[in-house]
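Q: I'd like to go over a predicted model; first the sequence, then the structure.
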Amino acid sequence: MAYYDSVTTWRLYSAEQSVGLGESLADVDAARRLVRKIKRSRWWRHNVVESARISLELGGEDLGEGEVASYARADSDHLPQRWTISIHPGMLNDLVLLHELAHCIAPRWSLSPRPRRKRQLPDHARLQLHGAGFAGAMAELVSEFGKGAIHDELRDAYNHFGVPVMTRPEYRSAVAASLEAEHDLAAWNEELARHLEENPKTRERSPKGWIPRRWGDVLFLARTKPGGRLGMDRLARIVSQVAQCTRNDIRTVESAIDLPDDIRVRRIALCMAVFFGLDPIYMRYQMGLTRWDCDVELEDLEPINLDWVELVGTMNQQLANRPPKWVVEGER
């Protein structure tokens, strides 16, 4: 299971891994004591807007091939009543625990500025899992309760890797807006449930035109997005600056069910993704597109998208200048 979903997550993980792990926790009871201490603190009372219950267990997940995971899960996408933090034994330290606790108090939704009419689908946007609100909560928790992980060091690491971090006032405002959005989402779900109960045949209708999700859909949608549609022939000429390409090759990539085995086709897909400026971390971990598997050097891609090349070059330099002090392969 890939755990890097975006450059935002890469920045935050890289920053955390460049500071010390903090204090090791002897067992699950020590972890629970730390959570109780935090929840009973003056800082928690003055800064945490929500009051959902938090339980902690020793467990996590073994993902195979040496990867493990710790996680925090809510019992609902909106207005959760309970969070469960599950820590893998290999990640039992205060930095990982504070990371999971930050998930429990970070803002989750961005409030739409447009009021919703009855039965209208809400258009509130889900915030990034490791975005500025999460980083703000994490920095404050480490400042107040971290032992080995020094607050200033984490702040310096966030700054080095370009992690966006909310200030305390911004964080509180974002959480309040998130809760307002979540109340609206809960109201919409209730309206939908009543509508389905009153109109049972609605449940039996199947959506028309549904197409199973394919690997190439992301690239197809990038090429055909509203207001920016690009013809296959033009895209083929752009890609041909790096890899010989025809409109049939574009069609092959966009219709691919899975990551292509053919290196030539995979190279074309890489060039397409770079031209569209797709998130390089998403490309690597979610799409499986890497330059070294396609026999492409970073500078080869400059004619297609110089900004993308410069972003990756900057990320590589950031990591070289501040390498990880520890690595745990898995989600958190």
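A: Perfect, thanks for sending it.
Q: show me where the stretch 51-200 of the chain has its helices.
A: Using DSSP state H, counting those that start in this stretch, the helices found in the stretch 51-200 of the chain span residues 94-105, 132-145, 151-161, 168-198.
Q: now those helices in JSON lines, with mean pLDDT and distance to residue 285?
A: C-beta: built from backbone N, CA, C; applies to glycine. Below are these laid out as JSON lines (pLDDT from 0 to 100; distance: least, Cβ to Cβ, whole Å):
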{"stretch": "helix 94-105", "mean pLDDT": "94", "distance to residue 285": "19"}
{"stretch": "helix 132-145", "mean pLDDT": "94", "distance to residue 285": "19"}
{"stretch": "helix 151-161", "mean pLDDT": "90", "distance to residue 285": "17"}
{"stretch": "helix 168-198", "mean pLDDT": "89", "distance to residue 285": "27"}
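Q: after the strand or helix carrying residue 281, next one along is what?
A: Here residue 281 sits within helix 280-285, counting by DSSP states H and E. Moving toward the C-terminus from helix 280-285, the next helix or strand (DSSP H and E) is helix 291-294.
Q: what mean pLDDT does that next one have?
A: The average pLDDT within helix 291-294 is 95.
Q: same check on stretch 281-288?
A: For stretch 281-288, mean pLDDT rounds to 95.
Q: contacts for it next, please.
A: Residues outside stretch 281-288 that contact it (Cβ atoms under 8 Å, 6 or more residues apart in numbering) are 2-7, 9-10, 215, 218, 259, 270, 273, 278, 289-290.
Q: got it, and stretch 231-247?
A: Residues contacting stretch 231-247 (Cβ under 8 Å, 6+ apart): 223, 249-251, 264, 267-268, 271-272, 275, 296, 300-301, 303-304.
Q: between the contacts of stretch 281-288, which is closest to residue 142?
A: residue 9 (17.7 Å; Cβ to Cβ).
Q: if I've got this straight, that closest one is in a strand?
A: No. Counting by DSSP: H, G, I helix; E, B strand; the rest coil, residue 9 is not found in a strand; it is helix.
Q: what is the burial count for it?
A: Burial of residue 9 is recorded as 21 neighbouring residues (other Cβ atoms under 10 Å).
Q: measure stretch 10-28 end to end?
A: Terminal residues of stretch 10-28 lie 28 Å apart, using Cα to Cα, to the nearest Å.
Q: remind me what the one helix or strand in the chain whose mean pLDDT sits lowest packs against, helices and strands.
A: In the chain, the helix or strand scored least confidently by mean pLDDT, DSSP states H and E is strand 61-64, which has a mean of 81. Applying 3 or more Cβ pairs under 8 Å, 6 or more residues apart in numbering; DSSP states H and E, one finds that strand 61-64 makes contact with strand 67-69.
Q: what's the mean pLDDT across the strand it packs on?
A: Here strand 67-69 scores 84 as its mean pLDDT.
Q: tell me the buried residues in that strand?
A: Within strand 67-69, the residues scored as buried using 16 or more other Cβ atoms under 10 Å are 68, 69.
Q: direction included, what does that strand pair up with?
A: The sheet places strand 67-69 alongside strand 61-64 (antiparallel), with pairing taken from DSSP bridges.
Q: check contacts around residue 47.
A: Contacts for residue 47 (Cβ under 8 Å, 6+ apart) come out as 140, 168, 171, 172.
Q: an error on my part: the question was meant for residue 32.
A: residue 56.
Q: do you know how far it is from residue 74?
A: 19 Å (Cβ to Cβ, to the nearest Å).
Q: domain ranges for this structure?
A: 7-200, 217-296 (automatic domain parsing).
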